[in-house]
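# I need the structure of the sequence given here:
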Amino acid sequence: MTVLIVDAANVVGSVPDGWWRDRRGAAERLRDRLAARDAGEEIILVVEGAARGVESVPGVRVDPAPGSGDDRIVELAAAHAERGVVVVTADRELRTRVRAHGARCVGPRAVRPQD
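Numbering: from 1, shown residues only. A predicted model of the protein is given here:
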C-alpha cells in the first residue's frame, strides 16, 4: 500500500481562500477532504504551528511535527521508503529532500482542486 504524505501547510496555503484566519480549521477541512478519498493508500497529513491539535480520523493519520514540518515529512518518507511514498507539496527544496529517499512528488492540485 502506497503512503501518501501531505504537507498540510503547503497545500492549504496553495489557495488564497482566507486560510490564514483559521489555520487549524483549514487543516481540518483538508483532512476531511483527504478522508473522503478512496484510493487504497495510507494517508499521513503532517501539520505544524497553529494547526497542531488537529485530530486523526478514519483514513487519515494526522502527524503533528514537533518542529519543522518539512523535516518531519523527510523522516516519514525515509521511514516508509520500502512501501512507496508519494509526497504532496509544491515546495521545491522539500521535493529534492524526499526524492533522495525514493519518494515521488505531486503538487497540491492532486488533493485540492483549485476553485
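
# Where do the helices of the chain begin and end?
8-12, 23-35, 69-79, 92-99 (DSSP state H).

# quick one: which of these is nearest Val60?
Closest to Val60 of those, according to C-beta to C-beta: helix 23-35, at 4.8 Å. For every residue, glycine as well, the C-beta is placed using N, CA and C.

# rewinding a little: what's the most buried one of the helices of the chain?
Neighbour counts (mean count of other C-beta atoms under 10 Å) averaged over each of the helices of the chain peak at helix 8-12, with a mean of 24.

# Any chance of TSV for the helices of the chain, columns distance to Ala110?
Output for these, formatted as TSV (distance: least, C-beta to C-beta, whole Å):
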stretch	distance to Ala110
helix 8-12	9
helix 23-35	11
helix 69-79	15
helix 92-99	13
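
# Could you list the low-confidence segments of the protein?
113-115 (pLDDT under 70).

# ok, now with 80
Applying pLDDT under 80 to the chain picks out residues 38-39, 112-115.

# now for the helices of the chain, which one comes closest to Val54?
Between Val54 and the helices of the chain, the tightest spacing by C-beta to C-beta is seen for helix 23-35, at 4.8 Å.
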